[in-house]
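1. Model the structure of this input:
(2 chains)
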2 protein chains.
Amino acid sequence: MVHAMTALDDATALTRESELDFSVEVSDAWSIGPIPNGGYLMALGAKALGALLDHPDPLTVTARYARPATPGPAEVRCEIIKRGRTQSAAVAKIVQGGKERLRVTGTFGDLGAASGPTLEPSAPPTLADVASITPRVGAPMKSSFADRVEIRFQPGTTDFLDGKTGPMELGGYIRLTGGPEPDPLVLLLLADAFPPPVLRGIEARVWVPTIELTVHVRRRPSPGWVRGWFTTSHLVDGALEEDGRLWDADGRLVAISRQYAQLAG
Amino acid sequence: MVHAMTALDDATALTRESELDFSVEVSDAWSIGPIPNGGYLMALGAKALGALLDHPDPLTVTARYARPATPGPAEVRCEIIKRGRTQSAAVAKIVQGGKERLRVTGTFGDLGAASGPTLEPSAPPTLADVASITPRVGAPMKSSFADRVEIRFQPGTTDFLDGKTGPMELGGYIRLTGGPEPDPLVLLLLADAFPPPVLRGIEARVWVPTIELTVHVRRRPSPGWVRGWFTTSHLVDGALEEDGRLWDADGRLVAISRQYAQLAG
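-> A predicted model of the protein is given here:
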């Protein structure tokens, strides 16, 4: 698919430095407060993997965040784990100032060539019609990320923005402002683009840094709004899981995600 | 805790070869058919990480299976990602015949020192009393693993062993035969010890190789039977996720797991 250069293309433009190394400018246009968003960084690492591997689609990708990245130059150092017939795997370390900020490890395959049984007992969540939802304006923190991603929250799930508590789940519709339409790489980004549902459970407004995020891409998405639903079931001594599911505009499940995070301070 | 040498100790006995390298004999006593179990291999890799890192507990561990391991000698080659004050992270590659079989990447911390809010809306599953469950004898395949792990299946969830289909979920009680009592390392193993729930959904008896498995350890478990519940919600073109939760004998959630797997052949 050919599309015009988008803000995401700009922010993930890799320069090949050697067989397994790239340089990149980590963008300041995809940040929450001063920190580049974790889903953006995962997509950046996965793009490097895709440039090295022969298979087109990320199937399961894990990002492990060791230290916060900062906008500016970075090295992307890769290692091939496997080049197989139906699958390949590699790792991309994103390094700044000589320190690893995160590593993205991924297994790639061809979703178009997958064959086997399909059995899905669950249905997508029932959401209000997207046209009926008033966009929420004003983020809790100045975030360039909010300019890149449009969200239409399911009514009733943003009580935390008004200082109220509720069940630790939220969701709605999401798309990238100005494109591109969703593809497997974009899904990786969208899997970390909603606010943390744990914020509905606690009264404090805290930072919730991701330690590890794994996304399984299950189908290539159709164009249009992606539907997302995110839940936290176990907040234990400040540590939590965040489970997400993404469906495309045709109501097909396209990705599932889980992250391990901890409430800061 | 001091305990007698167990079969798991034997099967994960690492010999230090250099600062970051170990040798190990992959055991034939933890196999499903001829293949060493993925949870056992994850525990093996995580044990190497624990030997290198200053923090005692695996918090989130990902194993990425590139090629099947075989019983026999292996090298465990490690790399430190981070040594932090509250967390550290490293990777262990398990290599046989010069080829990477799997890599285990983990972030470690101290579950005993964790502090912060706890909020858990969900309860453990209601299982039959363990004493009332008749052990199921006879596995579908000759497996040394079945001698190491005792399972008491929740009644009604083993219909697939009799050629019937049902919802893609199963669970029950589990413990290691002859010990040790559960600890965070054992939980990693138990997260891949039940049969795949997808087998309840399909009529074929197939192999379900794991591509990637991530386990979050949330608490140090109490001694006794561990309760496990595993579900698959999306089998798509032969690919699936398997979500697991483990509770200790006191009914506290101690670990959650998710794996990406594909039906073979």
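2. Report how many residues lie close to the closest residue to chain B within the stretch 51-200 of chain A.
-> Residue of the stretch 51-200 of chain A nearest chain B, by CB to the nearest CB: A:G116 (1.9 Å). Where you see a C-beta, it was placed from the backbone N, CA and C, and this is true even at glycine. By the criterion of other CB atoms under 10 Å in any protein chain shown, A:G116 has 17 neighbours.
3. residues contacting the closest residue to it other than its chain neighbours?
-> Excluding the flanking residues, the one nearest A:G116 by CB to CB, 6 or more residues apart in numbering or on different chains is B:G238, at 1.9 Å. By CB atoms under 8 Å, 6 or more residues apart in numbering or on different chains, the contact set of B:G238 is A:114-117, B:262-263.
4. Please report the distance of the residue of the stretch 51-200 of chain A closest to chain B from B:L240.
-> In this view, A:G116 and B:L240 are 9 Å apart by CB to CB, to the nearest Å.
5. so what sits against both of the two?
-> B:262-263.
6. Any idea how many residues pack against the nearest residue to A:G45 once chain neighbours are set aside?
-> Nearest residue to A:G45 in three dimensions, chain neighbours excluded: A:V104, at 2.8 Å (CB to CB, 6+ apart). Residues lying near A:V104 (other CB under 10 Å) number 28.
7. Repeat that for A:D10.
-> When neighbours are defined as other CB under 10 Å, A:D10 has 11 of them.
8. likewise A:K164?
-> Using other CB under 10 Å, the number of residues around A:K164 comes to 10.
9. do A:R219 as well
-> The burial count assigned to A:R219 is 24, neighbours taken as other CB under 10 Å.
10. so where does it fall, helix or strand?
-> Using DSSP states H and E, A:R219 maps to neither a helix nor a strand.
11. Just list the residues touching it, thanks.
-> Neighbour list for A:R219: A:111, A:248, A:252-254, B:236 [criterion: CB under 8 Å, 6+ apart].
12. And stretch A:222-230, how far out from the chain middle?
-> Centroid separation between stretch A:222-230 and its chain, computed with CA atoms, centre = their mean, to the nearest Å, is 12 Å.
13. And the average pLDDT for that stretch is what?
-> Across stretch A:222-230, the average pLDDT comes to 98.
14. Tell me if it is near chain B.
-> No - Stretch A:222-230 stays out of contact with chain B when judged by CB under 8 Å from any CB of the partner chain, the minimum separation being 12.4 Å.
15. gap between the two ends of that stretch?
-> Length of stretch A:222-230, first residue to last, CA to CA, to the nearest Å: 20 Å.
16. which SS class is A:R77?
-> Secondary structure assignment for A:R77 (DSSP: H, G, I helix; E, B strand; the rest coil): strand.
17. For the residue lying closest to it once chain neighbours are set aside, give me phi and psi.
-> Spatially, and ignoring its direct neighbours in sequence, A:R77 is nearest to A:K93 (4.7 Å; CB to CB, 6+ apart). Per-residue torsions, A:K93: phi -100, psi 130 (degrees, to the nearest 10).
18. what number of residues lie near A:K93?
-> By other CB under 10 Å, 23 other residues sit near A:K93.
19. Show me what it is bridged to.
-> Counting by DSSP bridges, A:K93 forms beta bridges with A:R77, A:R103.
20. roughly how far apart are it and B:V91?
-> On the measure of CB to CB, A:K93 and B:V91 end up 10 Å apart.
21. Within the helices and strands, which one has A:P196?
-> Counting by DSSP H and E, A:P196 is part of no helix or strand.
22. circling back: of the contacts of A:R219 - the most surrounded one?
-> Compared across those, A:V254 has the highest neighbour count, 26 neighbours, by other CB under 10 Å.
23. need the contact list for that one.
-> Contacts were defined as CB under 8 Å, 6+ apart; by that measure A:V254 touches A:182, A:187, A:217-221, A:226, A:246-248.
24. per-residue confidence for it?
-> In this prediction A:V254 is given a pLDDT of 98.
25. Name the residues of the host helix or strand of it that are buried.
-> Using DSSP H and E, A:V254 sits within strand A:253-262. By 16 or more other CB atoms under 10 Å in any protein chain shown, the buried positions in strand A:253-262 come out as A:253-262.
26. To what extent is the residue nearest to A:A51 when sequence neighbours are not counted buried, counted in neighbours?
-> Nearest residue to A:A51 in three dimensions, chain neighbours excluded: A:L14, at 6.4 Å (CB to CB, 6+ apart). If you count neighbours by other CB under 10 Å, A:L14 ends up with 17.
27. Can you verify my assumption that the residue nearest to A:G45 contacts A:K47?
-> No - counting by CB atoms under 8 Å, A:V104 stays clear of A:K47, with 9.3 Å between them.
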